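Peer 1: using only what follows, build the 3D model:
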Amino acid sequence: MDRFVPALLLTGLLVVSACGGEEPQPIVVASGRISVTNMTDTAWTDVEVWLNDYYRGQAPALAVGQRLDMPIDRFVAGYGQRFNPKKQSPYGVQVNARGANGKPIRIIWGKARWR
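Peer 2: Numbering: from 1, shown residues only. Alright, predicted model coming up:
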């Protein structure tokens, strides 16, 4: 039993160190929400967040460092259908926006949008 203690301690240390140092991500999909954080050095306008290729959410602007937090059941398809998290899971998110300089910004999480 004594020989397993060092291995157990080493495993615990590796787990703690792996979980503690995660870098922030620009797109986070968790707990029925999609969070998009502007981690660039320019403000965004005309922000579109596409979920699973068909469902869209929008925001007029996102300042530097600001976070947009959207429940996934608020995303709407072209004919008004809402995303139903009980029937489907998020597999891809694409954020399109325009930077303050007018250049397009695109950030992708998961599977890229087909367009």
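Peer 1: gap between the closest residue to P90 other than its chain neighbours and G80?
Peer 2: Leaving aside its sequence neighbours, P90 sits nearest to V29 (C-beta to C-beta, 6 or more residues apart in numbering; 5.0 Å). Just so you know, the C-beta spots here come from the backbone N, C-alpha and C atoms, and that holds for glycine as well. V29 is 23 Å from G80, where distance means C-beta to C-beta, to the nearest Å.
Peer 1: name the element V93 belongs to?
Peer 2: Using DSSP states H and E, V93 sits within strand 92-99.
Peer 1: I should have written V49 there, sorry.
Peer 2: Assigned by DSSP H and E, V49 falls in strand 44-51.
Peer 1: in its sheet, what does that strand sit against?
Peer 2: Applying DSSP bridges, strand 44-51 is found paired with strand 55-62 (antiparallel), strand 92-99 (antiparallel).
Peer 1: okay, the ones you listed, which one's buried deepest?
Peer 2: For these, average neighbour numbers computed from mean count of other C-beta atoms under 10 Å are highest in strand 92-99, which has a mean of 20.
Peer 1: show me what the helix or strand following that one is packed against.
Peer 2: Going down the chain from strand 92-99, the next helix or strand is strand 104-110, by DSSP H and E. Applying 3 or more C-beta pairs under 8 Å, 6 or more residues apart in numbering; DSSP states H and E, we find strand 104-110 packed against strand 27-30, strand 92-99.
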